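# Here is the input, now give the coordinates:
(2 chains)
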Amino acid sequence: EDQVTQSPEALRLQEGESSSLNCSYTVSGLRGLFWYRQDPGKGPEFLFTLYSAGEEKEKERLKATLTKKESFLHITAPKPEDSATYLCAVQESGGSYIPTFGRGTSLIVHP
Amino acid sequence: KAGVTQTPRYLIKTRGQQVTLSCSPISGHRSVSWYQQTPGQGLQFLFEYFSETQRNKGNFPGRFSGRQFSNSRSEMNVSTLELGDSALYLCASSNLAGAPNEQFFGPGTRLTVL
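The predicted structure is shown next:
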């Protein structure tokens, strides 16, 4: 069973059509949850860290939220340049510092 | 400030061969982590080095090894290549060990095993 599950696997939006990506996790204790953006042919780029339920972080059209078992990445009025694969990762508390990644959501925003 | 560089960018090998990949971190960064990315498994942690010491190791066979030099540059070696080793290998550097939020990723090395 995957510790980190992202949904949907792929998402197509029209420019301006807001939506949310989901990242659910099953670790017993959370040290941190991380969101990344990955463009084709490039390595992931760090976006946000969330540490505790109720926490929110915002950056331009993106807002990340965290509950006890999942995180959402809300995209408001997306633009074509927001097209990318979005990855989330969790780091479990009390153990090694090895991050576990989800398989990502591929987002395409059509003009 | 120069980013993380990885060489080579593309590599084609045959089964049974070995391969060495190189990663030069951002100047001043002492931690280098390696990841394998495949369509089926996603991004998986291989190992992390900090100041020439392996700090963490993921769940990969012993064919995967690495090292870090005194200038923080790192190499990853895969021996006796298998078809399933075809993947994008990413390295990431940071100032701190065990801090995914502080990591800067390189563009990766695309390894194809025939």
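
# Please count neighbours and contacts with C-alpha atoms only from this point.
Will do.

# Find the residue ranges of the chain scoring beneath the pLDDT cut-off.
Reading this off chain A. Low-confidence segments of chain A, defined by pLDDT under 70: A:1-2, A:95.

# meant chain B, my bad for not saying
Looking at chain B by pLDDT under 70, you get B:1.

# now the strands for it?
Listed in chain order, the strands of chain B (DSSP state E) span B:5-7, B:10-13, B:19-24, B:31-38, B:42-50, B:53-57, B:64-68, B:74-78, B:87-94, B:104-105, B:109-113.

# Can you give me the end-to-end span of stretch B:79-96?
Start to finish, the residues bounding stretch B:79-96 are 29 Å apart (CA to CA, to the nearest Å).

# How about residues contacting that stretch?
Residues from elsewhere that reach stretch B:79-96, judged by CA atoms under 8 Å, 6 or more residues apart in numbering or on different chains: A:43, B:4, B:6, B:13-19, B:23, B:25-26, B:28-38, B:63-64, B:102-114.

# Are any of these buried, and if so which?
Neighbour counting by 16 or more other CA atoms under 10 Å in any protein chain shown classes A:43, B:4, B:6, B:13, B:19, B:23, B:25-26, B:29-37, B:64, B:103-113 among the contacts of stretch B:79-96 as buried.

# So which bits of chain B are right by chain A?
B:39, B:41-45, B:56-58, B:90, B:98-108 (CA under 8 Å from any CA of the partner chain).

# can you list the residues of chain A near chain B?
So far as CA under 8 Å from any CA goes, chain A lies against chain B at A:34, A:41-46, A:48-49, A:96-104.

# State the phi and psi torsions of the closest residue to residue B:51 other than its chain neighbours.
Excluding its sequence neighbours, the residue lying closest to residue B:51 (CA to CA, 6 or more residues apart in numbering or on different chains) is residue B:30, at 5.6 Å. When read as degrees, to the nearest 10, the backbone of residue B:30 gives phi -110, psi -10.

# isn't residue B:30 right up against residue B:54?
No: between residue B:30 and residue B:54 there is no contact under CA atoms under 8 Å: 11.7 Å.
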